[in-house]
Structures are given as C-alpha cells and as structure tokens.
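> Give me a model of this one.
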Amino acid sequence: MAYPTLDTHRLHLFQDADSIRARVASIGASLTVSHRETHPLVVGILGGAFVFLADLVRTFEFDCEVDFWRVASYGSSTRSSGRVHETMPMAANVVGRHIIVVEDIVDSGRTLGHVTNILAQRGAASVTVAALLNRIGSKIPVDHVGFWCNPDFVVGYGLDLGGRLRNLPALYYLSPVPEAS
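Now for the predicted structure:
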C-alpha cells in the first residue's frame, strides 16, 4: 500500500486500522466493567477525538450520554501554542455525574489538565480519561491509553494537520520532506 504524501510531509504508518479497532474494543470492555452502573456522560474533546469517541461508545454495553467540548492548543501548527483555548463549551451539566473524557492525544497535558480541573470545579462525581494516544514521557495520568507514541506528530483516525488527514483509517507519523538541493 502506498502511503499518502503531502507537499511538505511524508506519512509513515504507526498503527493500522485493525490494531486500532482491537485496542478500542479492549478499552470499551474495560469501561463497560467500570461504568456499567453509572450512566456516565462521555465528553469528546474536539476536534481530534470524534472518530475515537464514535468507535468507543459503540463498544459500550451500557447507556450513556455524549457531549462535545472544543478545547485546543495546536491550531494549524505541529507544535502546541502553550495556551488552551475553549472555542465551544460543553452543553451538559456535570454536577454529580461520572464523566468519561475521550481525548485524541495527550502531549504536554495542558489541555487534559485544563479539562479535568474544570470538570472537578463544576462538581463532577468522577472523571475517567480515555486517550487514543499518550506521548512517551507525558506526566499527566491517563486511565485508559490506546497507544504510546514518540514525539513525532501523528495524523489520521481523527487527528489532523491543519484540518487535513482526519479521514485516514490508520495512524501515521509525519516527517518533513527533504528539500531538493
């Protein structure tokens, strides 16, 4: 299979669709055991977590409510801006609720720290985090990790580069295309 390319980057397969599907099913089974009786609120952090969240909730063997929250620190860059911006608030009331936060990738932990702090301040009964990816060396606790990844930028399966490449069914590392001499 030829991997997609961009003008400025090449894509290198990190996790194929079958590996992702198996890992999502495993996380879903674990969450079913821990949350079967809690009727949790599942909060997807937009934009990158929407594919992971859609596949994950379909594995649950319990009823849940789903909401979305757009919080970002990347914009169109491959590096975090260092600031967390909330551009679309969550609609659901979290007071007394058991929350499952679904995140695409935990890098510096700023976004996830921001989200979990706000949920605690708003009175959530508990917060469980499921992240598709966690960077090796990340210091923030994540309850359910799909895959550990290196510091290279990752796209596909909902993760993007400036809004592009979210539709890829697998996960890819990006590497710059060498400039012609």
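
> Geometric centre of the chain: which residue is closest?
D104 (1.1 Å; C-alpha atoms, centre = their mean).

> so where does that residue fall, helix or strand?
D104 belongs to strand 98-106 when assigned by DSSP states H and E.

> Please name the nearest non-neighbouring residue to the residue nearest to the centre of the chain.
When the adjacent residues along the chain are set aside, D104 lies closest to G48, with 3.2 Å between them (C-beta to C-beta, 6 or more residues apart in numbering). For glycine as for every other residue, the C-beta is placed from the backbone atoms N, C-alpha and C.

> and that neighbour, how far is that from P141?
As for G48, its distance to P141 is 20 Å (criterion: C-beta to C-beta, to the nearest Å).

> Please identify which of these two sits among more neighbours.
A direct count of neighbours by other C-beta atoms under 10 Å for G48 and P141 places G48 higher, at 24 against 11.

> Check the spacing between that one and P178 real quick.
28 Å.

> same thing with R36?
Look at R36 and P178: by C-beta to C-beta, they are 52 Å apart.

> between those two, who's got more neighbours?
Taking other C-beta under 10 Å, R36 and P178 do not tie; R36 has more neighbours (13 against 7).

> thought that one was touching E61?
Yes: R36 is within contact range of E61, at 6.8 Å (criterion: C-beta atoms under 8 Å).

> Report all helices and strands that the longest helix along the chain contacts.
Secondary structure of the chain per DSSP state H: the longest helix is helix 17-35. In terms of contacts (3 or more C-beta pairs under 8 Å, 6 or more residues apart in numbering; DSSP states H and E), helix 17-35 is packed against helix 50-57, strand 98-106, strand 126-135, strand 144-149.
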